[in-house]
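S.K.: Need a 3D model of the following:
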Amino acid sequence: MTAPARADVILVGGGVISCATAYFLAKEGLRPLIVEREAIGFGASGAAAGLLSPLADLRGEGPTTELGLVSLPLHRELAQTLPAESGIDYHFAEIPVLRPAFNDEEERDLREAVLCQQALGLDVSWADQDGLLQVDEGLVPEAQGALHSRVEAQVDPYRFVLALTAAVEKMGGAVHYAAAVGLQAKGGRATRVRLADAATLEADNIVLAMGPWTPQAEAWTGLSIPVEPLKGQLMRLQVLQGPLPAAAVFWGKHYLLPKPAGYILAGTTEELVGFDTQPTAEAREAILESALRFMPALEDAVITEHTACLRPLAADQVPIIGPAPGWDRLFIATGHGRKGILHSVATGRIMADLILRGQTDVVEIAPFSPARWGG
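M.R.: This next block holds a predicted model:
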């Protein structure tokens, strides 16, 4: 596809953050252009589990927790309109979640988390062993109890990214497949994106949302963008007999997530190994061990897929969202770690607000500023 001669906003990167931002810009009448070197949802956005969970790491309030708590109801709102706008059902669904305790220390920690989350008005409770049987008698039989959440939801992440993109294109936006290699500026204002074939694309605003590859733009901008790839592996399991579990299970970094399409996802790992995307036997064993502890009936399940993806992890584990310091009309949105799908809707709204109005009331954005590393 030939790129338009000029766009209102160029978004470098074809992941969920870029596509969500483009969606909200297009909803307000702008013409966004997504520039992607491979394919929409090629990285972690298309390979993630798709759980919309602001609670997994919750022990108190903080900017990342706040972003997740704001983004989840926005996902629910979007699920009422985006399938019709795009023509794509991305399988948004509510999902109860169990976070089991297998010893006294874990139980103390989780009971404290229940109190913290209830204080925020969230629908969570402590389930003892009898309560677990009422949720699903086949889950976590060894657990002393579990935090039982009725807050979370899920999507098919790849279909979600495709839905956002389809809606953008229907509203007048576009996608151009090319590798961005730099910027052109005039008077401190970013005006063009340079491509590998020596062509340039012009825009009034430019957003760098390249996931774990965003630090490549340090050479373009002179700014520090401390993001590294966090490798995560997961497996798709096909259950041969019996129904899917009635809830998801999360314990540490491992999870078991039944999907509406009829399979189970089991994961994950958190590996700082650069840009290595090769699945490993060690991860397979660790993930399966946890999966069987969560649901012993999976002993007869068939592994149909084992994959790995790279999430963009900011150095302080807080997403990077906002104007690039020292530049005019240049913005950065990256570093969401394992929460990219969850955070995408709030981040997209924030970025659209900043581009259109120079401010946002979605959340207090100072903690996410790219300027926190100088510039």
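S.K.: When you work out contacts or count neighbours from here on, use the C-alpha atoms and nothing else.
M.R.: Will do.
S.K.: Which parts of the stretch 201-350 of the chain are strands?
M.R.: Along the stretch 201-350 of the chain, counting by DSSP state E, counting those that start in this stretch, strands occupy 227-238, 248-251, 254-258, 264-267, 302-314, 320-323, 330-334.
S.K.: Taking strand 330-334 as reference, get the angle to the fifth one.
M.R.: Just to be clear, that refers to strand 302-314. Here the directions of strand 302-314 and strand 330-334 differ by 140 degrees (axes from the mean of the first three to the mean of the last three CA atoms, to 10 degrees).
S.K.: can you check the first one too?
M.R.: Using the same axes, to 10 degrees, the interaxial angle of strand 227-238 with respect to strand 330-334 works out to 40 degrees.
S.K.: Show me how far strand 227-238 is from its chain's centre.
M.R.: 12 Å (CA atoms, centre = their mean, to the nearest Å).
S.K.: What is the burial count for the residue nearest to Val124 when sequence neighbours are not counted?
M.R.: Counting by CA to CA, 6 or more residues apart in numbering, Ser149 is the residue found nearest to Val124 once chain neighbours are left out, at 4.4 Å. By the criterion of other CA atoms under 10 Å, Ser149 has 23 neighbours.
S.K.: For the helix or strand hosting Val168, list the C-alpha coordinates in CSV.
M.R.: Following DSSP states H and E, one finds Val168 within helix 157-170. Extracted in CSV, the C-alpha atoms of helix 157-170 (Å, rounded to 0.1, in the frame of the first residue of the first chain):
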residue,chain,number,x,y,z
PRO,A,157,-5.1,-9.9,21.9
TYR,A,158,-4.3,-10.5,18.2
ARG,A,159,-7.9,-10.1,17.2
PHE,A,160,-8.1,-7.0,19.4
VAL,A,161,-5.2,-5.4,17.6
LEU,A,162,-6.7,-6.3,14.3
ALA,A,163,-10.1,-4.8,15.4
LEU,A,164,-8.4,-1.5,16.3
THR,A,165,-6.6,-1.4,13.0
ALA,A,166,-9.7,-2.2,11.0
ALA,A,167,-11.7,0.5,12.7
VAL,A,168,-8.8,3.0,12.1
GLU,A,169,-8.8,2.2,8.4
LYS,A,170,-12.6,2.5,8.1
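S.K.: Now do that helix: which elements does it pack against?
M.R.: helix 16-27, helix 44-47, helix 82-86 (3 or more CA pairs under 8 Å, 6 or more residues apart in numbering; DSSP states H and E).
S.K.: Pick the most deeply packed of those helices.
M.R.: Compared across the helices and strands packed on helix 157-170, helix 16-27 shows the largest average neighbour count, a mean of 27 (mean count of other CA atoms under 10 Å).
S.K.: Distance from it to the middle of the chain?
M.R.: Per CA atoms, centre = their mean, the centroid offset for helix 16-27 relative to its chain is 14 Å.
S.K.: orientation of it relative to helix 157-170 in degrees?
M.R.: Using the same axes, to 10 degrees: helix 16-27 against helix 157-170 is 30 degrees.
S.K.: Need the residues that contact helix 16-27.
M.R.: With CA atoms under 8 Å, 6 or more residues apart in numbering as the test, helix 16-27 has contacts from 11-12, 31-34, 41, 45, 161, 164-165, 167-168, 171-173, 207, 209, 333-334, 340-341, 344-345, 347-349, 351-352.
S.K.: hmm, which of those are the buried ones?
M.R.: 11-12, 31-34, 41, 45, 161, 164-165, 167-168, 171, 173, 207, 209, 333-334, 340-341, 344-345, 347-349, 351-352 (16 or more other CA atoms under 10 Å).
S.K.: Was I right to think the residue nearest to Val124 contacts Pro100?
M.R.: No. Taking CA atoms under 8 Å as the definition, Ser149 is not a contact partner of Pro100, at 11.1 Å.
S.K.: for the stretch 151-300 of the chain, what are the low-confidence residue spans?
M.R.: Residues of the stretch 151-300 of the chain meeting the criterion pLDDT under 70: none.
S.K.: how about a cut-off of 90?
M.R.: 187-188, 198, 240-243, 261 (pLDDT under 90).
S.K.: Going along the chain, name the helices of it.
M.R.: 157-170, 218-221, 281-294 (DSSP state H, counting those that start in this stretch).
S.K.: Please identify the deepest-packed of the ones you listed.
M.R.: Using mean count of other CA under 10 Å, helix 157-170 ranks as the most buried of these, with a mean of 23.
S.K.: quick one: contacts of that one?
M.R.: Counting by CA under 8 Å, 6+ apart, 15-16, 19-20, 22-23, 26, 32, 40-41, 45-50, 82-83, 85-90, 174-175, 341 sit against helix 157-170.
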